[in-house]
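Visitor: Pasting a predicted model and its sequence here:
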Amino acid sequence: MPIAVTGSVATDHLMSYPGLFADSLVVDQLDKIALSFLVDDLEVRRGGCAANIAFGLAALGSPAVLVAAVGEDFADYRSWLERHGVDCGSLHYSATRHTARFICTTDRSHAQIASFYAGAMADAREIELAPVADRVGPLDLVVVGPNDPDAMLRHTQECRARGYRFAADPSQQLARADGAMIRQLIDGAAYLLTNQYEAALTEQKTGWSAEEILSRVETRVVTLGPAGVRIERDGEPAVVVPAVPGVQAVEPTGVGDAFRAGYIGAVVAGVSTRCAAAIGCVLAAYVVERIGTQEYAFSAREFLSRLRGAYGDETADEAAAWLEPDARAAGTATAPGHA
């Protein structure tokens, strides 16, 4: 059964600043901040959280349905996604707005300053999930990613009303949302996915302790950057999986989305928590090593070999049983994704 991925779809404008943002910040003048950074380069790439997650799911052979609002300028991007296995049959097209834009500058420490133009994403509040399920069949999971705030609330409420299991991934919208909205978005989620800073912000804004959040979601997933990921369930010991060692980070944009795709696709398929986290970390490594969030490709043999080298034979063999049901070792695997 497919995974429906809701959230942003955007064109990314990615720039690199060779210095450190922190060197230009004057603490007692932040209320008057007016800065311009001379960047070294500009890359225009396909992006958006929902599209990135759907692309990653499809690369691993997991059925992914992209559920998002886009503009009439989306034709080339749609062709790219469909060519890489993403179901784009449930997109909503805005008649008046362009597809969203993400503009991000990254300094040499991988700190980022970004702006996001919502554009057509504002129309996502008009999307109903039931017709998606009618078209593709029962949904294994609905990912409620960062999106138009009203759309996020509508998707979450519909999931509860119709009994769809959902993953809450509010990420970039946490800064804008108040505590009441965040509580509505995460309460009852099968998975709550944030990075470490977002986890602390969630607790601060909701007024819920870490223990109370765990009592309200089935699984809490907190990515820890280079330290890997921590996965918690109420009443169980936390599972901590380190990141892939030896990765040469180039550009962090989309790394969290790739982890989510690998982890969600694996756990929905019945893979163990630890193995699913390792799969997510390997997929994230593919993204951070290059510029662009959807520029990676691999064969199953390559993916499983990398997984085996980072996490051992037991993890790789379990992953092989999902990625290639007839393969029990990396040496006999063929490609689920796009070589």
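Guide: Cool, got the structure.
Visitor: Please make it C-alpha for all contacts and neighbour counts, starting now.
Guide: Noted.
Visitor: how many neighbours does Val267 have?
Guide: When neighbours are counted by other C-alpha atoms under 10 Å, Val267 registers 16.
Visitor: Do you know the pLDDT at it?
Guide: For Val267, the model assigns a pLDDT of 97.
Visitor: tell me the phi and psi of it?
Guide: Val267 adopts backbone torsions of phi -70, psi -40, taken as degrees, to the nearest 10.
Visitor: gap between Phe74 and Glu82?
Guide: 12 Å (C-alpha to C-alpha, to the nearest Å).
Visitor: Settle it for me: which of the two has more neighbours?
Guide: Taking other C-alpha under 10 Å, Phe74 and Glu82 do not tie; Phe74 has more neighbours (17 against 14).
Visitor: Tell me the spatial nearest neighbour of that one, not counting adjacent residues.
Guide: Excluding the flanking residues, the one nearest Phe74 by C-alpha to C-alpha, 6 or more residues apart in numbering is Thr99, at 6.7 Å.
Visitor: show me what contacts the one you found?
Guide: By C-alpha atoms under 8 Å, 6 or more residues apart in numbering, the contact set of Thr99 is 9-11, 69-74, 118-121.
Visitor: just the helices in the stretch 151-300 of the chain please.
Guide: 179-186, 196-206, 210-216, 255-268, 273-288, 300-311 (DSSP state H, counting those that start in this stretch).
Visitor: how about the ones you listed, which one is nearest Leu57?
Guide: Closest to Leu57 of these is helix 255-268 (C-alpha to C-alpha; 5.1 Å).
Visitor: name the helices or strands packed onto the closest one?
Guide: helix 49-59, helix 273-288 (3 or more C-alpha pairs under 8 Å, 6 or more residues apart in numbering; DSSP states H and E).
Visitor: Find the nearest non-adjacent residue to Asn147, please.
Guide: In space, Asn147 is closest to Gly7, 4.5 Å off (C-alpha to C-alpha, 6+ apart).
Visitor: typo on my end, Glu128
Guide: Nearest non-adjacent residue to Glu128, counting by C-alpha to C-alpha, 6+ apart: His155, 7.4 Å away.
Visitor: residue contacts, the one you found?
Guide: His155 makes contact with Glu128, Leu129, Val144 under the criterion C-alpha under 8 Å, 6+ apart.
Visitor: With secondary structure as extra columns, can I get those in CSV?
Guide: Shown next, in CSV, are those (DSSP: H, G, I helix; E, B strand; the rest coil):
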residue, secondary structure
Glu128, coil
Leu129, coil
Val144, strand
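Visitor: which one among the residues you listed gets closest to Ser94?
Guide: Glu128 (15.0 Å).
Visitor: Look up how far Gly137 lies from that closest one.
Guide: Glu128 is 15 Å from Gly137, by C-alpha to C-alpha.
Visitor: and these two? which has more neighbours close in?
Guide: Per other C-alpha under 10 Å, whichever of Glu128 and Gly137 has more neighbours is Glu128, with 15 against 12.
Visitor: sorry, back to before: ramachandran angles for the residue nearest to Asn147?
Guide: According to degrees, to the nearest 10, Gly7 has phi 140, psi -160.
Visitor: burial count for it?
Guide: 28.
Visitor: May I ask you to confirm that it is in contact with Asp150?
Guide: No - using C-alpha atoms under 8 Å, Gly7 is not in contact with Asp150; the gap is 11.4 Å.
Visitor: Make a markdown table from the helices and strands packed on helix 255-268 and add mean neighbour count, distance to Cys159 and mean pLDDT to it.
Guide: Output for the helices and strands packed on helix 255-268, formatted as a markdown table (neighbours: other C-alpha atoms under 10 Å; distance: least, C-alpha to C-alpha, whole Å; pLDDT from 0 to 100):
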| stretch | mean neighbour count | distance to Cys159 | mean pLDDT |
| --- | --- | --- | --- |
| helix 49-59 | 29 | 17 | 97 |
| helix 273-288 | 26 | 23 | 97 |
